[in-house]
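Asks: just a sequence and a predicted model for now, questions to come.
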Amino acid sequence: MDLSTHYLGLKLKSPLVPSASPLSEDVDNIKRMEDAGASAVVLHSLFEEQVRSERHELHHHLLMNTDSFAEALSFFPEPDSFHVGPEEYLRHVRRAKEAVGIPVIASLNGTSVGSWTDYAKKIQQAGADALELNIYAIPTDPFLPSAQVEEAYLDILKAVRSEIGIPISVKLSPFFSNFAFMARRLDENGAGGLVLFNRFYQPDIDLERLEVDPHHILFSTPQSLRLPLRWVAILHGKVRADIAASGGIHGAHDVLKVLMAGASVAMLCSVLLQRGIAHLSQVERDMKEWMEKHEYESVSQMRGSMSQKSCPDPSAFERAQYMRAMTMYRMK
């Protein structure tokens, strides 16, 4: 049975890819992911704030007390000429590449164009097979037009694309006025893959302490799959970029659904944090069992078979389904 697929120009042995999470901070965990059946791994993110913080700290220490000792300035080049940052992340990329035979996808997390995007080149030089841009931005300015928000995403992509030659995927939110239009623009501007979707961790309110709790994290549930499933199905065949489904993928049936909708890979996170890395092996076994029972010989055979383009009832992915669902509910 052929489980192989292609993502970001890489041939993968299966569609099972652990997404960015704290699990990938340990090289031994990445080895365990490979042993359990992962076909690639997305590393935890390097954040824009990390790069900026270290550069700011260097700038401070280089210039501190130079008013008293003016000659000290001559010993150092201008701070802007230094190329510093979280070197440990680069070492981690190198160690991961040396430790496993599966592709290693690095992750940069940011919200704006800036010097932090230069770090993409260092990540490529460290050996990453691809780079995922995790654009985690929540616009809150009531005077900021939506077109400007969209341009910010494109500007980040183009800035990074100009720095590196390895494939780039963009992990983004569904909150655009016309998500299909945004997906096409990202596709046209160099995104080799689209990861649907980013999860924005919502704060809670502690009623006893009367404080906002931004650290309360809820794991995804299988019900979370509906949103990425819908948009994977709508975009399949409409963009050249490969599509990765992310969010709510907990078992083999979830993986099979997103593949039929048109995804190239299925990314798992919450379920691995909850049930352990070994759960990947169970998902793969269950996939094979279902495919054998339903006489599927390969992943490519099923990919996109239930997308909007291929579905006998394309409107089922659009508003007509809402009216039908409400009618069926009243009938019950």
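Replies: Right, received. Where do you want to start?
Asks: quick check: buried residues in stretch 227-234?
Replies: Within stretch 227-234, the residues scored as buried using 16 or more other C-beta atoms under 10 Å are 228-234. C-beta: built from backbone N, CA, C; applies to glycine.
Asks: try stretch 293-301
Replies: Buried-residue list, stretch 293-301, by 16+ other C-beta under 10 Å: 296, 299.
Asks: if we can go back for a sec, now, which of the buried residues of stretch 227-234 lie within helices?
Replies: In helices, defined here by DSSP state H, the members of these are 228-234.
Asks: with distance to Phe175 and pLDDT added, can I get the residues you listed in a markdown table?
Replies: Converted to a markdown table, these look like this (distance: C-beta to C-beta, whole Å; pLDDT from 0 to 100):
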| residue | distance to Phe175 | pLDDT |
| --- | --- | --- |
| Pro228 | 13 | 96 |
| Leu229 | 17 | 96 |
| Arg230 | 14 | 94 |
| Trp231 | 12 | 96 |
| Val232 | 17 | 97 |
| Ala233 | 19 | 96 |
| Ile234 | 16 | 96 |
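Asks: still on that earlier bit, can I get the buried residues of stretch 227-234 in JSON lines including distance to Gln282?
Replies: Below are these laid out as JSON lines (distance: C-beta to C-beta, whole Å):
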{"residue": "Pro228", "distance to Gln282": "22"}
{"residue": "Leu229", "distance to Gln282": "21"}
{"residue": "Arg230", "distance to Gln282": "26"}
{"residue": "Trp231", "distance to Gln282": "27"}
{"residue": "Val232", "distance to Gln282": "23"}
{"residue": "Ala233", "distance to Gln282": "26"}
{"residue": "Ile234", "distance to Gln282": "30"}
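Asks: circling back: now, which of the ones in helices among the buried residues of stretch 227-234 sits nearest Leu12?
Replies: For these, the closest approach to Leu12 (C-beta to C-beta) belongs to Val232, at 17.0 Å.
Asks: for the closest one, list the residues it contacts.
Replies: 196, 243, 245, 258, 261-263, 307 (C-beta atoms under 8 Å, 6 or more residues apart in numbering).
Asks: drop anything exposed from those residues.
Replies: Among the contacts of Val232, those buried by neighbour count (16+ other C-beta under 10 Å) are 196, 243, 245, 258, 261-263, 307.
Asks: give me the phi and psi for Asp206.
Replies: The phi and psi values for Asp206, taken as degrees, to the nearest 10, are phi -80, psi 110.
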